[in-house]
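Q: my questions are about this predicted structure, shown below with the sequence.
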Amino acid sequence: MSLLAGKVALVTGAAQGIGRATAECLADAGARVLVADIDGEEAQAAADVINAKHAADTALGLAVDVRSQVDAEAAVGAAVEQWGSLDVVVNNAGITRDATLRHMTLEAWQAVFEVNLQGMMLVTQAGAAVMREQGSGSIVNISSISGKVGLVGQTNYSAAKAGVVGFTKAAAKELAHRGVRVNAVQPGLVDTPMTSGLRNDILQQKLAEVPLGRAADPREVATVVLFLASDLSSYMTGAVLEVTGGRFM
Ligand SMILES: NC(=O)c1ccc[n+]([C@@H]2O[C@H](COP(=O)([O-])OP(=O)(O)OC[C@H]3O[C@@H](n4cnc5c(N)ncnc54)[C@H](O)[C@@H]3O)[C@@H](O)[C@H]2O)c1
């Protein structure tokens, strides 16, 4: 597949899980990929795996904390300096700090908003500045089904992930006339380090809600990101695609 031949992509939170699968999937489709993560060593390790499979200059790992405007701008600058353009941004970095509202601390509330929403704004702002001038680009934001239905113990995460949808639609309207599309993906239960610590009874309860009867492999989210990143979705902007195995349809 060469859906992204000659394109340059930046994926945040790409050292593991959905972000890593996405970086690999975009590279398989021909893109060069900046693998950005708060853990710079793991980001480079993920980039090394991509480079071992493709040409040596296919991926570059970089320590990027999406909460920082300086880091967000440096990540975009690194991609442009390395490969001359920026065609795809995948805002994937995210964290959970679950607690019922009764026990929710301000720290847990702010931590989730800073990574999931503020980080998305900062990286999008920096990336869109390049894409606007180019007259083209695709930005894909990772929300969650938690932002559609609200999940117990996740008032912070559900609110932030619902915020991702509002952010996506507003940015889509602002950037459309410059040829830049902005869409979102709402995964359901995905088999990643984020969910590997779930208590078994809670995991079974969640699985029972999934018509397809299983968690997603991260690559099954990555291929939908690829669709939105590529020209296959050239007439889509401001859309929210659910990748949930039918859960909460
Ligand atoms: N796993 C699921 O079931 C699921 C479901 C719906 C949505 N999501 C969303 O998908 C995205 C990826 O989730 P995942 O399951 O792969 O998570 P994960 O915890 O496996 O990976 C997240 C990555 O983000 C990085 N990261 C954390 N804070 C960062 C920061 N400040 N700056 C840069 N990188 C940072 C981590 O180092 C890690 O590599 C998140 O936005 C998450 O909310 C996940």
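A: Great, that's in hand. Residues are numbered from 1 along each chain as shown.
Q: tell me the pLDDT at the residue lying farthest from the centre of the chain?
A: Distance from the C-alpha centroid of the chain peaks at R102, with 29.5 Å (C-alpha atoms, centre = their mean). As summarised for this prediction, R102 has a pLDDT of 98.
Q: mind listing what the longest strand along the chain pairs with, with the direction of each?
A: Among the elements of type strand in the chain, defined by DSSP state E, the one spanning the most residues is strand 180-187. Applying DSSP bridges to the sheet, strand 180-187 is found paired with strand 137-142 (parallel), strand 240-243 (parallel).
Q: okay, that strand in PDB with CA atoms only?
A: In PDB, the C-alpha atoms belonging to strand 180-187 read as follows (Å, rounded to 0.1, in the frame of the first residue of the first chain):
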ATOM      1  CA  VAL A 180      -6.600  21.000   5.900                       C
ATOM      2  CA  ARG A 181      -9.000  18.300   7.200                       C
ATOM      3  CA  VAL A 182      -9.500  17.500  10.900                       C
ATOM      4  CA  ASN A 183     -11.300  14.300  12.100                       C
ATOM      5  CA  ALA A 184     -11.600  12.200  15.200                       C
ATOM      6  CA  VAL A 185     -11.700   8.600  16.100                       C
ATOM      7  CA  GLN A 186     -13.500   7.200  19.200                       C
ATOM      8  CA  PRO A 187     -12.000   3.800  20.100                       C
END
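Q: chain neighbours aside, what residue packs nearest to the residue sitting nearest the centre point of the chain?
A: Centroid-nearest residue in the chain, with C-alpha atoms, centre = their mean: N92, separated by 2.1 Å. Ranked by C-beta to C-beta, 6 or more residues apart in numbering and with sequence neighbours excluded, the top spatial neighbour of N92 is G19, at 4.0 Å. In this view, the C-beta of every residue, glycine as well, is placed from N, C-alpha and C.
Q: on that earlier part again, looking at the longest strand of the chain now, give me its mean pLDDT.
A: For strand 180-187, mean pLDDT rounds to 99.
Q: returning to what we had before: list the contacts for the residue nearest to the centre of the chain?
A: For N92, the set of contacting residues under the criterion of C-beta atoms under 8 Å, 6 or more residues apart in numbering consists of 11-14, 18-19, 22, 142.
Q: give me that answer again for 10 Å
A: 11-14, 17-23, 36-37, 66, 119-120, 123, 140-142, 185, 221-222, 225 (C-beta atoms under 10 Å, 6 or more residues apart in numbering).
Q: I95 too?
A: The neighbourhood of I95, defined by C-beta under 10 Å, 6+ apart, consists of 13, 38, 108, 111-112, 114-116, 119, 156-157, 160, 194.
Q: from those, keep the buried residues only.
A: Buried subset of the contacts of I95 (neighbour count, 16 or more other C-beta atoms under 10 Å): 13, 38, 108, 111-112, 114-116, 119, 156-157, 160.
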